[in-house]
Each structure stands twice: as C-alpha cells, then as structure tokens.
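In: only geometry, no sequence info:
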C-alpha cells in the first residue's frame, strides 16, 4: 500500500539575514526527517519548543517547501506549487491560536470558507457545513459570532472548517496549547472521534503527554530530527531519554516508575489511571495470599 | 465586555426590511438620498417623511434607535442651520440687530436644510440598522463587481473589510490588555504635556503593532491552508439572489422617486 | 517590618453596568492573603480569577466592598494607587506580548524607571531581575523580539521583578510552554518565594503544577471562591473539582480509585512521589 504521507530525508533551512538582506547564517530547522504514515492512522509528534515540529507541520500542508529531500502527501509532491491546493485539500491544517485562524464573522460562514475557495456548489457547501459542524458538536452555535465562543469551541470551529473541505487527513499544530483543561479535552475528543468514525488520518503535534496516549504511533522530535519513535507505551517507558529532549511522562507513568524503583514488580509502560489501579489491586491480592508478611 | 462591540449598529429583528437583499437596501438608500435633493417645497418633505415612516414601521426597529444616529452630528447640524439662518438674504426681515439679520427666507432655508440633513442621516441609519456588516460587504462586492474590469480588486477589498470587522473587537480587547499590563508596570498615561502623553503611548502602540502583524501573518497562513487563492473560481455559501420581494422593493422605490419628482413639478407648495 | 496582608471584604465586581448586559464576575468575595504565602488560584476560563487578580493591584475597581493592603483601604481617597501597583506586581497571561523596547535591558528598566528611582538603582534592580530569571549577560543588548518564546517570557517577568514587588501575581505564567520551560518558570517562582519571601499568587488551571508548588489553593467557580485550603485537603473534593471543569492530579486520582476499591492507603499525597510512597507502604505493610 502507498503510504499517505512519505517524507524522505526532508530538510528545511531558514536563512538569517542582516539588514541589507545578505545571508548571515543558516538555521537547519528540519534535519533529515524520514517518515511514512498510513492512511487512517492517528500519529502524534512530540517535541519541545524549537524542536522543528511546527516547521514539519507546515511542510505537510505545503506552506513550506523542502530545502532538500522530498515529501509526498497523498501521492503528490509538495515541492511542486501546482499541487498546493490539492495537498491542502487532502491534508487540512489546524493551527495553535484559535482567534487567528477564524476568518468569517459567523460560525457557519467560517466553516464554509474552505469549500467556497475550492469552488464547491452552494447547496453542497451548506450540506458540508452542517455535517462538519455536527461532527465537532458545534452545530447549535452555527449562527454565533466566533468572538463569543470559548477557546475550545473556537478550535472545534476551526476543525469543522477543515472538515468541510473533506480532507483525508487533518494536521493539528499544538491545537490545545492555548486552551483550559475542559477545552483541551473537548478538542482531543473531537479529533479522536473523527479518526475512529470517519477514518480520517490525524497528525497531532503537541507537547502535552496526556494527549498522545491515544495515538497509534508517536514520533519524538528534537533539533530537527526524529529521535524516538514507537507506540505510546514504548515511548513513555523511556522517561530518561524523553527528559533529554525536554519532555516528561504522564504523572501516572511516573508513579509506576517510582514504585518500580522501590522494588515493586509492575510494568513500566502504564498510561492510564485505571490501568495502574487494576494492576496494583491484583498485586495486593496475590501478595496477601502468596507472600509471607514481613 | 469589549468583545461585544459591534461595528455598525445592526438591530436584530425579523422584518420585511431585514429580509430584503442587502443590495436592494444599498441602492434604495442611495435613491432616497438623491430624492431629498429633487424637491424644494414643503409637500416634498411631507412625502419623504411619510415614506420614511412607513419603512421604519416595516423594519420594526424602535424609533429611538433611528434617531440615535443624529446625536453625533448634532453639532454639525446646528452649525449648518446657523449658517443658513444668518447668511440667507431676503426681503422679509424678521430681526435686525447690529450685523445680524434674520429673514423669513433664512428661517425657511434653515428648517429645510436641517430636515434634509436629518433625513439623510436617519435614512442611512435605517440601512445599517437592518443590514449586518457582512451583508453590507457582500452587497458592496456584488454592486461594484463591474469595477473589476478597470482593475479595481473588488473581491479583495470586500474580503479586507470583512476581516477588519472580525478583528477590530479582538484588537480593541488586546489594546485594553496591553494598557493594563503597562499600567501594572507603573506606566502613566494621564499626566504631562501633549508630547509626554504621546510618548507614553509608545509602550502600547509597539506591542499592538507587533501583535497585529503576528495575527496578520497567522491569518494569512490559515487562509492559505484553507485553499484561499483570491476571488477566482470561488463559489459562495450565501450567494446574493434577487427574489420577488426584492423586485417589488425596487418597484416601490421607482414609484417613490416618480412621486417625488412629480410632486416637485405639480404641487405649488 | 510590619506584618503584611491583602484583605478583601465583601468584594463584588460587575461588568457592563448600565448596558443591559451586566455580568456578575465576582460575588461577595471575602479573602485574606498573608505575607509569604504561595497561593494557587484555580478555576476554568470565565470563573472570575482574572478579574480577581486585576482587583488586587487596583487596575480595576470593585463595584462593591473594600480591599485592604497592609491594613489600609486602597479605595481611600488619599491612597496612592501607583504605589500599590509597584507593591503588587501583576504578570499577565502571555506577558511577552507587552515587550516594546529596543533592547532587553531597556525593557526591564521600564518598570523601575516609572517608579522614579535614581538611574543607578534602576540599573541595579534590572540586572538583578534578569539574573534571577536566568537571562545571560550576552542577551542584555539584543532586541527582545529576536528571543525564543521562553526567553521572552522570562524577560517580561524580569520586567515586573525589577520593580521589587512584595506580592507577585502571575496569570497562567506557563501557558503554551513545553515541559522544560514550565519547570524553569515554576522553579524560578519557588526560588523567589523561598529565598526572598515574596508572596506569590499563581493563577493556573494545571492541577499538577498547583499540587507541586503551592501551600494554599483557592478554587473559583462562577465568581465565587468555592474551595480554600491546602492542596492535599482541596483535592479530597474530587467530584466538586471535576464539576468545575478542573479535576485532580493523576497522582491523587490513583489514590482515590484505590481507596474506592477498598484499599486502606494512609495520608493525602498529591505528587507522583508522595503517591508512590503511600502506595508502597500500603502494598508492603498493610
């Protein structure tokens, strides 16, 4: 099967310029990224600020073109500007700041902005807008002004705006960084649902550990390179390596690791509270039955 | 809250006027304003006033909202009225005191001029009260489309207006926040002479410009990401389509302007 | 030195009085903040916490009630409001958005200069503040706009610290930062509190951060303070916290779930380490 996204030794360089426009230095934001993403996957990209993860996201949306290497999105070469619209339509992008990506003054008009741009007939736009707003739970706010919505609601409107273009993939660049816990949960839940129900490929870029536990596969970026990859469990089992890249593990995984340090025999890749409590309760039962009390 | 600031002064209601195509309202307002300069006698004013009152009734906008539009120009109104009163020469002198001469013709001209200005203002208020800024932008884009041929970027201008409408409340809120933040750093915006005061605004303006630039940059990326590439090949979610009632409204306006012109020729006063 | 405190008595705040769209942002708040406390103020967006912190340094005026700073009514006609603003430093959310000067050092000097201090004192305080926030000497003369996000934020915080406030209020100081950046800022606050005995009020919706750092926690909901106490005590109200859209740290959740299943775990741990110890003791000794 052809991968939906295929990056081969992707490099991006920003050049720093002085006041006269002469290049004074080169900043390698992406340094040889090779990735393959299957259609329908939920991928998380973790990285500290400045790790290059946002630059990578912009490449996936053809907002930047590779300095070296190649990137294919849905079979299209992103370095060819003729593919820009096709790439953006099949892999839509949601940005960090909820205010700065809503264009229209009414929720439903914003959701219709993308379809308008790609020349969808009027009746079909209405149909798509209704469907996509329902998909993110914002249909009842369709007549509202974006200025009166909470951050989480605005982000869901932004997602609906992408959905209305019927993309195969959604790229979310730190979509929850500016939200409160309730807003964060609502956005991540909406994204997970789209992945499961509509089979949309999701690429979630974040530094919140709790958000990546549901991903199928996690990439960890630092210094423009992919430093680690694997399932969330495989990644979070390596807390020391993560710390090197300025990342931490979820609190519950930390508790498990502390217990292991104290000599308790439990797995070190625990991701959920329920998981840990189940294991501990079982352990307690077998301990009281099988082990002599000290 | 600052986010509630709306540009324009839309009064939400369900009425025949609200439901009209915005282009009709723009054109009708234009016709109405022209009509105000098509007559000189009292009867014309009466017809214009009656016609306007009918429209207000139909629009279901409370009358006090309509007259509110006059407040900001009240000074200008008095000034023009006074000019007309004092500078009109005539035969029927009413008062003569020193260099001030007030004539009957002057009084008449003053009253009529003031009435005309008031009608002009409240006439356009009725349009902005019954049309959302978005609809207005759409109407302007559609009505001025022919200008595209002479290379006026009509779509782009309309898009800019629409984005400005969305971001003005956000930037107003941001200004308030930056001001408070600098106040918290001991800034003083209130004392000193003019130059000192202007200088004290620098800590507000620079962050505001930086923020506006950042937002503009973000927004441009977001528009690119959503396949925006100008007005070409673009469809509309809410295309403007004339319906029967819009045609009827145009006919009403035609009748009105005929009536005004006829009245100006036939009626003596 | 006098014993210092901030005291709020029956404080109300209503937005948009007379516009027909009034919003009761704060309802009858009674609160006393003592000298040297490290307070965490939690609440979802719109709960009134941002309004409360703006009242504390006089940026907005309460619609009703009184605020005493060190025993003096700040709404007294003779009270020096600008003096209050220098004593109660307020760091807004995304404070890096207020930077405006051409160099880092100039920006930091803006606050102390406004206090009318002699130039030498202004410079001393600014250097000290930048040192505290970990901004190296090599960055003093560069434009703040060329710094990284985390550095900009530390410069902005230094701008408030240079005014040497007695109370430091920070509205979501770690919003948008990565884990390392968060730890840096929060560690800095802890150090300020421990070394300089500054009273700190940390507005945050991260329960993990609150659990780790603060001595006393206030929870706001709908313009009221609904919970007030040590984090370990406040986290016992897991249901109430969840209803206000906040929840408890995972470390607390684990303990609560184990207890519900019948485990007799002792103590009220709030951090991962404390929870692990409590669980260990339960596994081994009970």
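Out: Received, thanks. Everything quoted here is computed from the prediction, not taken from an experiment.
In: from here on, contacts and neighbour counts on C-alpha atoms
Out: OK.
In: Quote the end-to-end distance of stretch C:87-99.
Out: End-to-end distance for stretch C:87-99: 21 Å, by Cα to Cα, to the nearest Å.
In: Am I right that residue C:231 is in contact with residue C:214?
Out: Yes: look at residue C:231 against residue C:214 with Cα atoms under 8 Å: they come within range, at 7.4 Å.
In: Just give me the residue right at the centre of chain A.
Out: residue A:204 (0.7 Å; Cα atoms, centre = their mean).
In: can you tell me the helix or strand for it?
Out: For residue A:204, the element it lies in under DSSP states H and E is strand A:201-206.
In: tell me the secondary structure for residue A:14?
Out: Three-state call for residue A:14 (DSSP: H, G, I helix; E, B strand; the rest coil): strand.
In: so what's it bridging to?
Out: Under DSSP bridges, the beta-bridge partners of residue A:14 are residue A:27.
In: got the contact list for it?
Out: For residue A:14, the contact set (Cα atoms under 8 Å, 6 or more residues apart in numbering or on different chains) comprises A:26-29.
In: could you flag which of these are buried?
Out: Buried members of the contacts of residue A:14, counted by 16 or more other Cα atoms under 10 Å in any protein chain shown: A:28-29.
In: In the stretch 1-150 of chain A, where is pLDDT below threshold?
Out: In the prediction, the stretch 1-150 of chain A carries residues with pLDDT under 70 at positions A:1.
In: how about the helices of it, start to end?
Out: Defined through DSSP state H, counting those that start in this stretch, the helices belonging to the stretch 1-150 of chain A, from first to last, are A:53-60, A:84-90, A:107-111, A:113-117, A:122-135.
In: need these in TSV with mean neighbour count, can you?
Out: As requested, the helices of the stretch 1-150 of chain A are arranged in TSV below (neighbours: other Cα atoms under 10 Å in any protein chain shown):
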stretch	mean neighbour count
helix A:53-60	23
helix A:84-90	22
helix A:107-111	27
helix A:113-117	27
helix A:122-135	19
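In: State which helix of chain B is the longest.
Out: helix B:154-184 (DSSP state H).
In: More neighbours: residue C:231 and residue C:214, which one.
Out: When neighbours are counted by other Cα atoms under 10 Å in any protein chain shown, residue C:231 and residue C:214 differ, and residue C:231 comes out ahead with 25 against 19.
In: how would you label the closest residue to the more buried one other than its chain neighbours: helix, strand or coil?
Out: Residue nearest to residue C:231 in three dimensions, not counting chain neighbours: residue C:217, with 5.6 Å by Cα to Cα, 6 or more residues apart in numbering or on different chains. Judged by three-state DSSP, the three-state class of residue C:217 is strand.
In: Would you agree residue C:217 is in contact with residue C:39?
Out: Yes: taking Cα under 8 Å as the contact criterion, residue C:217 and residue C:39 are neighbours in contact, 5.6 Å apart.
In: Can you name the residues of the stretch 151-286 of chain C sitting close to chain A?
Out: Where the stretch 151-286 of chain C comes near chain A, counting by Cα under 8 Å from any Cα of the partner chain, the residues are C:175-180, C:205-206, C:245-246, C:249-251, C:253-254, C:257-258, C:272-273, C:275-277, C:280, C:283-285.
In: in the longest helix of chain B, what counts as buried?
Out: Of the residues in helix B:154-184, those buried under the neighbour-count criterion (16+ other Cα under 10 Å) are B:154-155, B:158-159, B:161-167, B:169-171, B:173-175, B:177-184.
In: which ones among those come in contact with chain C?
Out: Of the entries in the buried residues of helix B:154-184, those that also sit close to chain C under the rule Cα under 8 Å from any Cα are B:178, B:180-184.
In: export those to CSV and tack on pLDDT?
Out: Listed next are these as CSV, based on pLDDT from 0 to 100:
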residue, pLDDT
B:178, 94
B:180, 93
B:181, 94
B:182, 94
B:183, 92
B:184, 93
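In: Now flag whichever of those residues is closest to chain A.
Out: Using Cα to the nearest Cα, residue B:178 comes nearest to chain A of those, at 17.1 Å.
In: roughly how far apart are that closest one and residue A:68?
Out: If you measure residue B:178 against residue A:68 using Cα to Cα, the figure is 42 Å.
In: try residue A:48
Out: In this structure, residue A:48 lies at 23 Å from residue A:68, with Cα to Cα as the measure.
In: swap in residue A:40?
Out: Summarising the geometry, the distance separating residue A:40 from residue A:68, computed by Cα to Cα, is 27 Å.
In: before we move on, what about residue A:266?
Out: 45 Å.
In: what do you get for residue B:112?
Out: Separation of residue B:112 from residue A:68 (Cα to Cα): 75 Å.
In: and if you look at residue A:10?
Out: Spatial separation of residue A:10 from residue A:68 under the definition Cα to Cα is 6 Å.
In: so residue A:248 makes contact with residue C:181?
Out: No: judged on Cα under 8 Å, residue A:248 makes no contact with residue C:181 at a distance of 11.4 Å.
In: report the longest helix in chain C, please.
Out: Within chain C, and with DSSP H defining each element, the longest helix by residue count is helix C:179-196.
In: Partner strands of whichever helix or strand comes after it, with direction?
Out: Going down the chain from helix C:179-196, the next helix or strand is strand C:199-203, by DSSP H and E. According to DSSP bridges, the neighbouring strands of strand C:199-203, each with its direction, are strand C:38-42 (parallel), strand C:167-171 (parallel).
In: what's the closest of the ones you listed to residue A:148?
Out: Residue A:148 sits nearest to strand C:167-171 of all the strands paired with strand C:199-203, at 21.4 Å, using Cα to Cα.
In: how much does the closest one deviate in direction from helix C:179-196?
Out: Our comparison of strand C:167-171 with helix C:179-196, counting by axes from the mean of the first three to the mean of the last three Cα atoms, to 10 degrees, yields an angle of 170 degrees.
In: before we move on, back to that, which one of the contacts of residue A:14 is nearest chain B?
Out: Comparing every one of those with chain B (Cα to the nearest Cα), the shortest separation belongs to residue A:29, at 18.5 Å.
In: is it true that residue A:108 touches residue A:146?
Out: No: between residue A:108 and residue A:146 there is no contact under Cα under 8 Å: 9.7 Å.
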